[in-house]
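1. Sequence and predicted structure below; questions after.
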Amino acid sequence: MSRGPFGWAMTVVAVGAFMITMDNTVVANALPTMIADLGLSTIGKDWVATGYILTFSCLMVAGGRLTDVYGCRTTFIGGFAVFTAASAVCGLATTPEVLILGR
């Protein structure tokens with residue numbers, strides 16, 4: 001049985017879910033090093049740990065609307081580009097403020 005375009009769609013969704021899970025896992029494991037290297041306070045640590053999840057959940061409705069207006073592919077590529085840019089900001093952060101902003 002041929003999967004057609006739905007096989008590709010499922011693959012894209014699976015890769016996106018994998019990236020989200022991997023991001024949160026890496027941050028959770030690297031948090032002690034980030035605290036030591038950047039001098040994060042307790043509140044800063046909490047913002048780093050929950051900032052991405054909070055932003056992601058708040059933007060879900062906006063993402064749905066953008067998908068309605070611009071289509072699935074354009075919205076996914078745009079979201080993936082923003083995710084990649086924010087990850088680069090986090091990776092290059094030298095202060096707690098930049099790290100929290102990137103998250």
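-> Yep, that arrived.
2. Where does pLDDT dip in this protein?
-> 1-5 (pLDDT under 70).
3. Spatially central residue in it, please.
-> Phe83 (5.1 Å; Cα atoms, centre = their mean).
4. That one touches Met22, doesn't it?
-> No. Between Phe83 and Met22 there is no contact under Cβ atoms under 8 Å: 11.3 Å. The C-beta positions use only the backbone N, C-alpha and C, and glycine is treated the same way.
5. which helices and strands does the top helix by length along the chain pack with?
-> In the chain, assigned by DSSP state H, the helix with the most residues is helix 5-38. Using 3 or more Cβ pairs under 8 Å, 6 or more residues apart in numbering; DSSP states H and E, the elements in contact with helix 5-38 are helix 42-70, helix 72-92, helix 96-102.
6. and these, which is most packed in?
-> Most buried of the helices and strands packed on helix 5-38, by mean neighbour count (mean count of other Cβ atoms under 10 Å): helix 96-102, with a mean of 17.
7. helices and strands around that helix, which ones?
-> If contacts are counted by 3+ Cβ pairs under 8 Å, 6+ apart, helix 96-102 sits against helix 5-38, helix 42-70, helix 72-92.
8. ok, now which ones touch Ala93?
-> By Cβ atoms under 8 Å, 6 or more residues apart in numbering, the residues touching Ala93 are 38, 99, 102.
9. Closest to Thr55 out of those residues?
-> Here the nearest of the contacts of Ala93 to Thr55, counting by Cβ to Cβ, is Gly102; it sits at 10.5 Å.
10. hang on, isn't that closest one packed against Val82?
-> No. The criterion here is Cβ under 8 Å, and Gly102 misses it with Val82 at 11.0 Å.
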